[in-house]
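J.: mind looking at a prediction? Sequence and model below.
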Amino acid sequence: MIEAKGIEKSYGNLKVLKGIDFSAEKSEVVSIMGASGAGKSTLLHILGTLSTPDKGTLSIDGTDVLSLSGKGLSDFRNRKIGFVFQFHHLLPEFTSLENVMIPALIAGRPAKEAKSASADLLADLGLSARLSHKPSQLSGGEQQRVAIARALVNNPSVLFADEPSGNLDSRNKEELHKLLFSLRDKYGQTIVIVTHDPELAAMCDRSLFMRDGLFVEE
């Protein structure tokens, strides 16, 4: 599902990624661990097409994504990739349902279909009673579940998660960890997770460790 080879990235004189090879199979859950500054989030942003490497190749679901640009890249990202971040980035003026609908509407799906798919996802995540609530009316765990529903509404091939439970208390963190794996089992996404949490990493199919811009043995 994901095949990256020789990924390099520098910011000025600082070389953040030094020739990373990474692959993930369909429906595999892979965690990437390492100290702050190791290059984990930079790699995740490149894999997720949010940033471009200086060198290397990247294929997602059979598409050479580095050959895409502009609207072609935006359309691919909208259809094939979902993102969940530590801070959920929900739009405060919109309800839970409206927040989840936005990527579906951007993809050109009819409003009725987008609304139905969003409501079904939120119900799957235990939020059927929160459809009309705005983010300020939700708990941290509920906000993160809305963000996950938003990431999944277009049924992407790959879900990228950057410290998805880093802002949650222990109970909500445990619930979120279980949720990610139940979603994989139900929807079949490949999931790549950057995390500092050893409990979450231990649940994954495979765990990789980064140091100074390279994968190393932990």
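T.: Good, I have the coordinates.
J.: wait, what's in contact with residue 134?
T.: With CB atoms under 8 Å, 6 or more residues apart in numbering as the criterion, the residues that contact residue 134 are 92, 93, 94, 95, 96. Backbone N, C-alpha and C define where each C-beta goes, glycine included.
J.: at 6 Å instead, please
T.: Residue 134 makes contact with residue 95, according to CB atoms under 6 Å, 6 or more residues apart in numbering.
J.: equivalent analysis for the one 5 residues further on, please.
T.: Contacts were defined as CB under 6 Å, 6+ apart; by that measure residue 139 touches no other residue.
J.: looking at it now. What's its pLDDT?
T.: Note for residue 139: predicted pLDDT of 87.
J.: any idea how far residue 210 is from it?
T.: Distance of residue 139 to residue 210, given as CB to CB, to the nearest Å: 32 Å.
J.: sec struct for the spatially most central residue of the chain, please.
T.: Ranked by distance to the mean C-alpha position of the chain (CA atoms, centre = their mean), the top residue is residue 160 at 2.2 Å. Secondary structure for residue 160, judged by DSSP: H, G, I helix; E, B strand; the rest coil, is strand.
J.: can you give me the helices for the protein?
T.: With DSSP state H as the definition, the chain shows helices at residue ranges 40-47, 70-80, 96-106, 111-124, 140-152, 170-187, 198-203.
J.: same for the first one, what does it pack against?
T.: Judged by 3 or more CB pairs under 6 Å, 6 or more residues apart in numbering; DSSP states H and E, the packing partners of helix 40-47 are strand 14-24, strand 158-162, strand 190-194.
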